[in-house]
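Peer 1: need coordinates for the following:
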Amino acid sequence: MFYFSLINDSIFQYIADQANLYATQVITDEADVKGTSRLHNWFPTDKNEIKKVFGLLSYMGIVKMPNIQAYWSREAMYKNSIASKVMTRNRFELLLRMLHFADNQDNPDNDRLHKIQPLIDKIVHNFKTSYEPSETCCIDESLISFRGRLIMRQYIRNKRHKYGIKVFKLCSKGGYTYNFKIYAGKNLDQGHTTPTSVVMSLFEPILDSGRTLVTDNWYTSVDLAKRLMDRQTYLLGTLRKNRRGLPKDLVNKKLKCGEIAALENQDGVTVISWNDKRNVLVLSTKPINTTVDTTNRRQKTVKNPEAIVAYNAGKSSVDISDQMTAYQTPLRRTFKWYRKLAVEIILNTAMVNAWIMYKETMNARISLLQFRKAVTYKLCQAQDDGLAEQPDAEMIPKRKRQKHEMGKSDYKKRRPCSRCYEKVRAEKGWKEARKLTRGRYYCKGCNGEPFFCLSCFNKFHRYETP
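Peer 2: Numbering: from 1, shown residues only. Next comes the predicted model:
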């Protein structure tokens, strides 16, 4: 399965090893463990049991209940047959408490991500090697909701969850997350948190390939455009007025609604100023200085710069990824920040990536919920026959509905209605059927392009499956 090519057995085995190590460290510290603690019932876990833990977490994202204990409740309102067949509640809560991703004793100085970075490196490597990104890519930041105490917690007011952990994402067209980086704070590593350094580090694996990068005004600058041009990469993005190297005459020029002005320097960097409701600055290193006709919200045809149209089309990649990961999310408020990051990457980002890979490779129409259910069943089974496979978990590609449209043939090529011909031939014979009126209209969507009269065309495609 595509999901298990991104989150493979080696990752689950690594998590199991770190959980066993962390449990040993906690149990041996007698000061923090009471004599009646359930930690004394701990026994080592393995990759199959870790799969079941993440399978249950994924199930909890699909089926929402008020708390974790409710999934094992015997009350009629909460009763289900999934959680109790996978593992006991005490074992699940104990494994969830011991879930760890790095050795606490191996803590480099000033490394705020040491508890999660080894796992991120493994997953990012699989993301890069399993998918070839499209010609147009986008870099933007996402926010994983977190309101607890954390020195690197960020506030972004235009996000749905305003407080959380910021993640820089490089997404391909369609929402596939090809590369990402966790923001650990500006004061920690000032040389690698500037907009230009973030872009160059994320885009490094696919530079020198003629791709186009779309960015917003926080990243876009003339310096970044020149550096990307030296690596055979185009840049398209909105601009801030106070960026260095911009032509002052163009920036300060007052335009009327719909007017466009542009200047290009000797290096091939073009700055476009366009007035819609206000002046908008766009930087482009691609030769797209023409205008195209588009339809606005009032269904009127207007002329917009081609750079604006291309920017709007390419900028949606990260937004699509964030939108898809928000559906059926298993994240809970009780998770520690590094566990929340791990669950977000393993059960949301990797799930969406695998879903995109499956659709493109198999050319199938399947919803994210259907795909997530199938992966959840596989995780909960984990080489155990205690949970039977459910029929609705099978990922059966939906057959694309044929588009039936009437076509008009040449005057010399005329045929009788195929439905009327068959009906008359069965009742009166072929001699009477040959006397039927010949028409020029046929169906372009049916196999063989049969001829129809208007009444038979509507009746056939409404009540029968071709």
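Peer 1: what strand or helix carries the residue minimising distance to the centre of the chain?
Peer 2: The residue lying closest to the centre of the chain (Cα atoms, centre = their mean) is Ser321, at 3.1 Å. According to DSSP states H and E, Ser321 maps onto helix 316-326.
Peer 1: need the nearest residue in space to Arg438, chain neighbours excluded.
Peer 2: Arg414 (4.0 Å; Cβ to Cβ, 6 or more residues apart in numbering). Backbone N, C-alpha and C define where each C-beta goes, glycine included.
Peer 1: can you get me a residue count around that neighbour?
Peer 2: 13 (other Cβ atoms under 10 Å).
Peer 1: one step back: distance of the spatially closest residue to the residue nearest to the centre of the chain that is not a sequence neighbour relative to Ser73?
Peer 2: Nearest residue to Ser321 in three dimensions, chain neighbours excluded: Gly175, at 4.1 Å (Cβ to Cβ, 6+ apart). Going from Gly175 to Ser73 by Cβ to Cβ, to the nearest Å gives 36 Å.
Peer 1: just give me how far the longest helix belonging to the chain sits from the chain centre.
Peer 2: Using DSSP state H to define each element, the chain has its longest helix at helix 9-28. Offset of helix 9-28 from its chain centre (Cα atoms, centre = their mean, to the nearest Å): 29 Å.
Peer 1: quick check: what element follows it along the chain?
Peer 2: Next helix or strand after helix 9-28 toward the C-terminus (DSSP H and E): helix 47-62.
Peer 1: still on that earlier bit, higher neighbour count, Gly175 and Ser73?
Peer 2: Gly175 (22 against 16).
Peer 1: give me the phi and psi for the more buried one.
Peer 2: Backbone torsions of Gly175, given as degrees, to the nearest 10, read phi 110, psi 10.
Peer 1: could you do Val214 as well?
Peer 2: phi -110, psi 130.
Peer 1: hang on, isn't it packed against Tyr311?
Peer 2: Yes. Val214 lies in contact with Tyr311 (Cβ atoms under 8 Å); the separation is 6.1 Å.
Peer 1: tell me which of those two has more neighbours.
Peer 2: Using other Cβ under 10 Å, the more surrounded residue of Val214 and Tyr311 is Val214, with 27 against 23.
Peer 1: the closest residue to that one other than its chain neighbours and Ile288: what is the separation?
Peer 2: The shortest distance from Val214 to any non-neighbouring residue, by Cβ to Cβ, 6+ apart, is to Gly314 (3.6 Å). To Ile288, Gly314 is 12 Å away according to Cβ to Cβ.
Peer 1: joint contacts of the two?
Peer 2: Common contacts of Gly314 and Ile288 (Cβ atoms under 8 Å, 6 or more residues apart in numbering): Leu236.
Peer 1: quick revisit: and the residue nearest to Arg438, what pLDDT?
Peer 2: As predicted, Arg414 sits at a pLDDT of 85.
Peer 1: my guess is it contacts Arg440. True?
Peer 2: Yes. Assessed by Cβ under 8 Å, Arg414 is found in contact with Arg440 at 5.5 Å.
Peer 1: ok so, going back, and the gap between the residue nearest to Arg438 and Ile345?
Peer 2: 63 Å.
Peer 1: hey, C-alpha coordinates of stretch 21-39 in CSV?
Peer 2: Coordinates of each C-alpha in stretch 21-39 appear next as CSV, following Å, rounded to 0.1, in the frame of the first residue of the first chain:
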residue,chain,number,x,y,z
LEU,A,21,14.0,2.8,26.0
TYR,A,22,12.0,5.7,27.5
ALA,A,23,9.9,3.3,29.5
THR,A,24,13.0,1.7,31.0
GLN,A,25,14.4,5.2,31.9
VAL,A,26,11.1,6.2,33.6
ILE,A,27,10.6,3.0,35.5
THR,A,28,14.2,2.9,36.8
ASP,A,29,13.7,6.4,38.2
GLU,A,30,12.1,5.4,41.5
ALA,A,31,11.5,9.0,42.5
ASP,A,32,8.8,9.5,39.8
VAL,A,33,7.2,6.1,40.0
LYS,A,34,4.8,5.2,42.8
GLY,A,35,4.5,1.6,44.0
THR,A,36,0.9,1.4,42.8
SER,A,37,1.6,2.8,39.4
ARG,A,38,0.5,0.9,36.3
LEU,A,39,4.0,1.4,34.9
